[in-house]
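Asker: prediction below, plus the sequence it came from.
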Amino acid sequence: TSGGFALVLGMIAGLIPASQQIANMGAVGLGDKTRGGGTAPVILRTQRWLMQIQLAITTALLFGALVLAQSYHKLSSTDVGYKTERRTAFGFALTGPEYSEQAAYRLFVRRYQDILTAQPWVKSATVTVSLPVEDVLWSGNFASEPPSGTEPEIRTENYYRITETYLETMGLTLLRGRNITERDTADTPRVVLVSEAFAAKYWPGENPVGKRIWRRRLGQYEISEVVGLVSDSIIGEPGNGVRPVVFIPMAQTTALGRFGAVIVSDLDPALVIQQARKLLWTLDPGLVTTAEGPLSDRLDRVLAIDRFESRLLLVLGGFALLLALLGLGGLAARTLSARRTEFAVRSALGAAPGALAKMLFLQHARFVIGGILLGLAGVWIASRFSMLVPKGVSLDSPAPYGATLALLLGVALLSLAWPLVRASRVNPAETLRY
């Protein structure tokens with residue numbers, strides 16, 4: 001949506017000065033030949049008004065480009081909390097009739113993970129129900145243990161179903177307590193790991209290890225003991241920020257047949273996929289792998305739209321700046337042509353060349369600054385009501401406003417450079433000859 005809006009703004013910002021510049025070049029040529037121009041003041045006022053509109057549009061376009069570029073830079077440099085280097089991921093689904101029972105799921109996951117971790121080219125591997133990047137975000141109803149005789153305060157939180165190799169494979173850190181193990185099965189007391197954000201939300205300032213959490217599922221409560229505290233990580237897009245997360249042993253929960261695997265290896269990702277697929281087929285030749293590739297590619301795809309929109313707006317913003325440069329320069333040249341005789345008379349009466357250039361500069365500075373401030377005011381007002389705020393940036397920050405103002409003022413000064421030089425070089429004898 002923002003990309004389409006940017007394209008419309010870019011077209012408008014281009015059409016106004018393009019048509020104006022064509023007229024300007026013809027008028028400037030006529031003024032040079034007649035030594036005095038003759039442009040009607042009403043025409044110049046109309047052109048200045050149109051130029052202010054163009055500057056306001058260019059300001060909005062450039063502001064959007066800078067904000068989106070800043071947003072993309074922050075998102076792409078955000079520490080997501082898990083590692084993607086040398087990690088290859090893929091998915092598969094167990095949908096046959098032989099997997100109709102949860103025990104069959106658990107047995108298959110255990111066997112496949114053991115086969116993977118036994119390979120000499122595998123440093124670490126894990127099989128899980130979901131991955132933090134570009135995957136389904138599972139959520140459940142959780143609560144801390146309530147006081148005796150009271151109902152728990154249920155909240156919706158994200159959770160992962162994992163095995164004991166998940167933390168090592170994903171590069172997460174166990175901060176307190178213990179990891180889940182193979183001994184945490186459906187026949188043993190329920191245990192969970194929680195993230196730092198979860199612990200801070202439910203037990204601020206306390207050690208969560210040993211606490212109990214309640215999970216409401218199918219109308220009943222499942223009570224689990226917290227055995228470990230895990231470092232925070234970001235689920236989904238980097239702009240989502242850190243969320244509270246619960247890590248449940250896969251052997252103590254249900255799965256729906258859709259799984260993902262992550263393998264840490266120094267081999268080429270394509271070779272890792274090839275070898276992992278062969279090992280998968282030793283257990284079930286009919287399985288199909290999906291979403292194959294480096295884990296870093298998944299994160300890159302999540303940022304693809306932000307990257308495209310920021311680059312599109314930067315291109316359109318640069319194009320609008322170029323057109324503003326041409327439009328302002330042409331308008332200044334036309335104004336000089338219209339006031340050439342006046343400047344010649346002032347020079348003959350003793351006006352200094354710098355004073356003439358200053359007159360032209362002040363005349364254009366007023367409407368240039370007015371157009372820029374109009375655009376910035378429009379952006380600020382729109383930001384108060386818009387729900388489409390780029391992730392990772394604040395529209396209340398003065399940085400994008402200051403950068404936009406500085407860039408446009410720089411372009412305005414550059415566009416006025418040659419007309420100001422010409423204004424300071426007006427020759428009264430030559431101009432007033434006829």
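Answerer: Right, received. Where do you want to start?
Asker: okay, strands next: where are they in the stretch 51-200 of the chain?
Answerer: Along the stretch 51-200 of the chain, counting by DSSP state E, counting those that start in this stretch, strands occupy 87-93, 124-128, 139-144, 155-162, 174-177, 191-195.
Asker: average pLDDT for the fourth one?
Answerer: For strand 155-162, mean pLDDT is 92.
Asker: next: the third one.
Answerer: Strand 139-144 shows a mean pLDDT of 91.
Asker: do I have it right that Arg86 meets Ile263?
Answerer: No: judged on Cβ atoms under 8 Å, Arg86 makes no contact with Ile263 at a distance of 9.1 Å. The C-beta positions use only the backbone N, C-alpha and C, and glycine is treated the same way.
Asker: who has more neighbours out of those two?
Answerer: Ile263 (27 against 17; other Cβ atoms under 10 Å).
Asker: got the contact list for the strand or helix carrying the more buried one?
Answerer: Assigned by DSSP states H and E, Ile263 belongs to strand 258-264. Strand 258-264 has contacts (Cβ atoms under 8 Å, 6 or more residues apart in numbering) with 86-94, 109, 112, 116, 122-131, 135-136, 169-170, 272, 276, 291, 295.
Asker: any buried residues in that strand, and which?
Answerer: Phe259, Gly260, Ala261, Val262, Ile263, Val264 (16 or more other Cβ atoms under 10 Å).
Asker: to Ala344, which of the strands of the stretch 51-200 of the chain lies closest?
Answerer: Closest approach to Ala344 among the strands of the stretch 51-200 of the chain (Cβ to Cβ): strand 87-93, 74.5 Å.
Asker: that closest one packs against which elements?
Answerer: For strand 87-93, the packing partners by 3 or more Cβ pairs under 8 Å, 6 or more residues apart in numbering; DSSP states H and E come out as strand 258-264, helix 269-283, strand 289-294, helix 295-302.
Asker: paired strands for the shortest one, with orientation please.
Answerer: Pairing partners of strand 289-294, with direction, according to DSSP bridges: strand 87-93 (antiparallel).
Asker: avg pLDDT for the partner strand?
Answerer: 93.
Asker: can you list contacts of it?
Answerer: With contact meaning Cβ under 8 Å, 6+ apart, strand 87-93 is reached by 131, 169-170, 257-265, 269, 272-273, 276-277, 280, 287-296, 298.
Asker: quick one: that strand to helix 269-283, angle?
Answerer: On the basis of axes from the mean of the first three to the mean of the last three Cα atoms, to 10 degrees, strand 87-93 is oriented at 40 degrees to helix 269-283.
Asker: list the buried residues for strand 87-93?
Answerer: Buried residues in strand 87-93, counted by 16+ other Cβ under 10 Å: Arg87, Thr88, Ala89, Phe90, Gly91, Phe92.
Asker: okay if I get those residues as a markdown table plus distance to Arg339?
Answerer: Output for these, formatted as a markdown table (distance: Cβ to Cβ, whole Å):
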| residue | distance to Arg339 |
| --- | --- |
| Arg87 | 68 |
| Thr88 | 70 |
| Ala89 | 69 |
| Phe90 | 72 |
| Gly91 | 72 |
| Phe92 | 77 |
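Asker: would a markdown table of the strands of the stretch 51-200 of the chain with distance to Ile53 be doable?
Answerer: Shown next, in a markdown table, are the strands of the stretch 51-200 of the chain (distance: least, Cβ to Cβ, whole Å):
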| stretch | distance to Ile53 |
| --- | --- |
| strand 87-93 | 51 |
| strand 124-128 | 55 |
| strand 139-144 | 48 |
| strand 155-162 | 48 |
| strand 174-177 | 57 |
| strand 191-195 | 51 |
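Asker: kindly compare burial across those strands and name the winner.
Answerer: Stretch with highest mean neighbour count among those: strand 191-195 (a mean of 27; mean count of other Cβ atoms under 10 Å).
Asker: and it, which strands flank it?
Answerer: Counting by DSSP bridges, strand 191-195 is paired with strand 220-230 (parallel), strand 245-249 (antiparallel).
Asker: output it as CSV, restricted to C-alpha atoms.
Answerer: What follows is strand 191-195, C-alpha atoms only, in CSV (Å, rounded to 0.1, in the frame of the first residue of the first chain):
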residue,chain,number,x,y,z
VAL,A,191,7.8,-29.5,32.7
VAL,A,192,8.4,-26.4,30.6
LEU,A,193,11.0,-23.8,29.9
VAL,A,194,10.1,-20.1,29.8
SER,A,195,11.7,-17.1,28.2
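Asker: need the three-state assignment for Arg384.
Answerer: Following DSSP: H, G, I helix; E, B strand; the rest coil, Arg384 is assigned to helix.
Asker: what's around Leu349, how many residues?
Answerer: By other Cβ under 10 Å, 8 other residues sit near Leu349.
Asker: err, Thr46, not the other one
Answerer: Applying other Cβ under 10 Å, we find 12 residues neighbouring Thr46.
Asker: before we move on, what SS does it have?
Answerer: Applying three-state DSSP: Thr46 is helix.
Asker: now for it: which residues touch it?
Answerer: Here Thr46 is in contact with no residue (Cβ under 8 Å, 6+ apart).
Asker: look up how far His73 lies from it.
Answerer: Taking Cβ to Cβ, to the nearest Å as the measure, Thr46 falls 41 Å from His73.
Asker: residues contacting the residue positioned nearest the centre of the chain?
Answerer: Centroid-nearest residue in the chain: Tyr72, 3.6 Å away (criterion: Cα atoms, centre = their mean). By Cβ under 8 Å, 6+ apart, Tyr72 lies in contact with Leu303, Asp306, Arg307, Ser310.
Asker: without its sequence neighbours, what residue ends up closest to Leu131?
Answerer: Once flanking residues are discounted, Leu131 sits nearest to Gly260: 4.8 Å by Cβ to Cβ, 6 or more residues apart in numbering.
Asker: so that neighbour bridges to which residues?
Answerer: Gly91, Thr128.
Asker: what does the pLDDT read for it?
Answerer: With respect to pLDDT, Gly260 has a value of 89.
Asker: list the buried ones in stretch 169-184?
Answerer: Applying 16+ other Cβ under 10 Å to stretch 169-184 flags Thr169, Met170, Gly171, Leu172, Leu175, Arg176, Gly177, Asn179, Ile180, Asp184 as buried.
Asker: for these, work out which two are farthest apart.
Answerer: Spanning the widest gap among the buried residues of stretch 169-184 are Gly171 and Asp184, at 21.5 Å by Cβ to Cβ.
Asker: is Val368 in a helix, a strand, or coil?
Answerer: When classified by three-state DSSP, Val368 comes out as helix.
Asker: what's the burial count for the residue lying closest to it once chain neighbours are set aside?
Answerer: The spatial neighbour of Val368 that comes closest, neighbours along the chain excluded (Cβ to Cβ, 6+ apart), is Ala412 at 4.7 Å. Using other Cβ under 10 Å, the number of residues around Ala412 comes to 22.
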